[in-house]
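# Dropping a prediction and its sequence here:
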Amino acid sequence: GAGVSQSPRYKVAKRGQDVALRCDPISGHVSLFWYQQALGQGPEFLTYFQNEAQLDKSGLPSDRFFAERPEGSVSTLKIQRTQQEDSAVYLCASSPGRVAASYEQYFGPGTRLTVT
Amino acid sequence: EDKVVQSPLSLVVHEGDTVTLNCSYEVTNFRSLLWYKQEKKAPTFLFMLTSSGIEKKSGRLSSILDKKELFSILNITATQTGDSAVYLCATTTSGTYKYIFGTGTRLKVLA
């Protein structure tokens, strides 16, 4: 595809529901990042994949958050038992290289999650 | 704790003005600093800076890094309404995969 795509673009969940957010990175990109962006804030790092390996998950706020990239391409961020504080835009970004810090990231349009 | 601070938080100017956005950082094992423009949802890449004193330029935008004083500036000359956006600064560090973002500067350019 031409760029990073994410689905759904908008998700409303009732408190306590589980949600799954999908990211399709640019084809061939090795690195994939998930971020959480609250209103008026910069993106906050959640987790990083190099191909299918999750090399850094230090930003996941709790054990309710889980991410996977089983075949090294599409990634899913799952949030279990959603809470109101999970309401945010979830951004996915991909990058061509392995040494993530040496390459620019390409961001998707994000998924706006609202927990009611 | 690593942190990136941007100033001002918001700025309103008129078309044709020149603006300077600031980004200061305190990070361990600094590797690079990046600038992004965020208009609606997806931040788009502007510059990556790794060396002090070397200006990067793209059209009316330019940026420079000072690794001694731990800051970077983003200059936009002859601003246009299309420059209205949030400008984000982020740092990367050696040995980790994290990009640490500031809260952004919201720029509004009036016609």
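Right, received. Where do you want to start? Residues are numbered from 1 along each chain as shown, chains lettered A, B, ... in the order given.

# how about residue A:107, what does it touch?
For residue A:107, the residues meeting the contact criterion (Cβ atoms under 8 Å, 6 or more residues apart in numbering or on different chains) are A:4, A:91, A:92, A:93, B:36, B:41, B:42, B:43, B:44. C-beta coordinates here come from the backbone N, C-alpha and C atoms, glycine included.

# State the distance from the closest residue to it other than its chain neighbours to residue A:15.
Leaving aside its sequence neighbours, residue A:107 sits nearest to residue B:42 (Cβ to Cβ, 6 or more residues apart in numbering or on different chains; 4.1 Å). Counting by Cβ to Cβ, to the nearest Å, the gap between residue B:42 and residue A:15 amounts to 28 Å.

# what's around residue B:94, how many residues?
Residues within reach of residue B:94, counting by other Cβ atoms under 10 Å in any protein chain shown, total 12.

# Can you report phi and psi for it?
According to degrees, to the nearest 10, the main-chain angles of residue B:94 amount to phi -70, psi 140.

# so what's the residue nearest the centre of chain A closest to, chain neighbours aside?
Among the residues of chain A, the one closest to the centroid is residue A:34, at 3.1 Å (Cα atoms, centre = their mean). Among residues not flanking residue A:34 along the chain, residue A:46 sits closest, at 4.2 Å (Cβ to Cβ, 6+ apart).

# pLDDT wise, what is residue A:101 at?
The pLDDT attached to residue A:101 in the predicted structure is 56.

# hmm, back to that, gap between the residue nearest to the centre of chain A and chain B?
Distance check for residue A:34 against chain B: by Cβ to the nearest Cβ, to the nearest Å, it reads 11 Å.
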